[in-house]
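Engineer: model this:
(one chain, ligands or ions: 1)
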Amino acid sequence: MAAEIIDGKKVSADIKAELAAEVTELKAKGIEPCLAVVLVGEDPASQVYVRNKEEACDLVGIKSIKHTLPVSTGQEELLSLVNQLNDDLSVNGILVQLPLPKHIDEHAVLLAIDPAKDVDGFHPINVGGLMIGEAPFQPCTPSGMIELLKRYNVEMTGAKAVVIGRSNIVGKPVAMLLLHNNATVEICHSKTRDLAGETRQADILIAAIGRPKFVTADMVKPGAAVIDVGVNRTEAGLCGDVDFESVKEVAGAITPVPGGVGPMTIAMLMRNSVAAARQQAGI
Ligand code: NAP
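Structural biologist: As a prediction, the model looks like this:
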């Protein structure tokens, strides 16, 4: 039997609708969540991402303030804007769109964001918080994957989860979140011996590799839930890290690309922004 298709587009829309209702209630109490988005330069992909974030804010009822700076912006100038946003009590969340131009130290900028407004969850304090289960915000793409598993009733407690990929923004944080949800977690990477032998044991398989159609049907345990984070642009179009057509015949549930994990990232950003407004209002 073919796998159940995990519809990230629908779940993302559901979450945004739930958040819109929550924001209506917050506004009735005089709280208007506000997200500041900073875009430096004219990278076309970044412009699309920022536009999508603004549209999601509009839909949910979050006020969004966009700061567009020229590519020539110096590091001090950017840091000064971040500090200004840190001090602005009407701003609850700050997002600096990555990547930044090469002459700017990305790490220094992320470090400058007030951890209480770090809705991307990239500040080292929040990364540490994630380790001990006390982060105010979880990073958006990893928490989006966990949300998909929850909403499709994939049992995490006691499940064997294998994550392929150990990046700081996807592989490691999603492994930590799976652990917090009581899965038994293994992280694989390019130096893993007998990768297929490891992945075949997974009840939950996460592919965060960045290689088109890398995970094939023979690497998947029958009935497993397969979450594909990969976004690869090939001549044939967009595809994930999982060979969807063959793997869907073996897996129990699977995310498509596009329409799986992708739409969840923005939904989780909206969730973090509303949470930031609540935390800062003390409710
Ligand atoms: P990354 O930093 O390049 O990390 C890739 C990981 O895959 C590394 O840990 C690497 O191992 C591992 N890997 C590479 N080749 C492998 C192989 N042959 N066997 C086993 N492991 C291998 O990538 P990332 O930033 O985590 O992103 C992963 C994918 O997710 C990309 O396609 C990216 O575009 C996508 N992504 C999507 C979203 C979204 O949908 N919202 C968000 C973020 C990223 P080593 O560490 O040993 O090199």
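
Engineer: how about stretch 180-187, does it reach the ligand?
Structural biologist: No: counting by Cβ under 6 Å from any ligand atom, no contacts exist between stretch 180-187 and the ligand, the nearest distance being 8.4 Å. Using the backbone N, CA and C atoms, a C-beta is placed for each residue, glycine as well.

Engineer: contact partners of that stretch?
Structural biologist: By Cβ atoms under 8 Å, 6 or more residues apart in numbering, the residues outside stretch 180-187 that reach it are 133, 146, 149, 156-163, 165-166, 171-172, 175, 178-179, 198, 202, 204.

Engineer: Which members of the residues you listed additionally contact the ligand?
Structural biologist: Near the ligand, judged by Cβ under 6 Å from any ligand atom, the entries from the contacts of stretch 180-187 are Gly165, Arg166, Gly171.

Engineer: State the three-state secondary structure for the second one.
Structural biologist: The three-state label for Arg166, taken from DSSP: H, G, I helix; E, B strand; the rest coil, comes out as coil.

Engineer: Show the pLDDT at it.
Structural biologist: Looking at Arg166, its pLDDT is 98.

Engineer: What about it, how many residues nearby?
Structural biologist: Each residue near Arg166 was counted by other Cβ atoms under 10 Å, and the total is 16.

Engineer: mind listing the helices for this structure?
Structural biologist: 8-28, 44-60, 75-87, 106-112, 124-131, 140-151, 171-180, 195-199, 244-247, 262-281 (DSSP state H).

Engineer: TSV please, covering the ones you listed and showing mean neighbour count and distance to Arg211.
Structural biologist: Converted to TSV, those look like this (neighbours: other Cβ atoms under 10 Å; distance: least, Cβ to Cβ, whole Å):
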stretch	mean neighbour count	distance to Arg211
helix 8-28	16	20
helix 44-60	16	19
helix 75-87	16	33
helix 106-112	16	24
helix 124-131	16	25
helix 140-151	23	17
helix 171-180	22	13
helix 195-199	16	12
helix 244-247	17	14
helix 262-281	23	17
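
Engineer: Mind putting those helices into CSV with distance to Glu235 and mean pLDDT?
Structural biologist: Compiled in CSV, those are given as follows (distance: least, Cβ to Cβ, whole Å; pLDDT from 0 to 100):
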stretch, distance to Glu235, mean pLDDT
helix 8-28, 24, 98
helix 44-60, 18, 96
helix 75-87, 37, 98
helix 106-112, 30, 96
helix 124-131, 36, 96
helix 140-151, 25, 98
helix 171-180, 27, 98
helix 195-199, 26, 98
helix 244-247, 17, 98
helix 262-281, 20, 97
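
Engineer: so which of the ones you listed comes closest to Ile227?
Structural biologist: For the helices of the chain, proximity to Ile227 was assessed by Cβ to Cβ; helix 140-151 is nearest, at 5.1 Å.

Engineer: outside of that closest one, which residues touch it?
Structural biologist: The contact list for helix 140-151, computed with Cβ under 8 Å, 6+ apart, reads 6, 8, 11-12, 14-15, 119-121, 156, 169-170, 173-174, 176-178, 181, 204, 206, 225, 227, 229, 255, 260-261, 264-269, 271-272.

Engineer: switch to 6 Å and redo it
Structural biologist: Contacts to helix 140-151, defined as Cβ atoms under 6 Å, 6 or more residues apart in numbering, come from residues Ile6, Val11, Val170, Pro173, Val174, Leu177, Ile227, Val261, Met264, Thr265, Met268, Leu269.

Engineer: What of stretch 44-53?
Structural biologist: Contacts for stretch 44-53 (Cβ under 6 Å, 6+ apart): Val37, Leu39, Gln97, Ile266.

Engineer: can I get those residues in JSON lines with distance to Val127?
Structural biologist: As requested, those are exported to JSON lines (distance: Cβ to Cβ, whole Å):
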{"residue": "Val37", "distance to Val127": "21"}
{"residue": "Leu39", "distance to Val127": "23"}
{"residue": "Gln97", "distance to Val127": "19"}
{"residue": "Ile266", "distance to Val127": "21"}
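
Engineer: farthest-separated two in those?
Structural biologist: Leu39 and Ile266 (15.3 Å).

Engineer: about what we covered before: of the helices of the chain, which is nearest Lys66?
Structural biologist: Of all those, helix 44-60 sits nearest to Lys66, with 6.5 Å by Cβ to Cβ.
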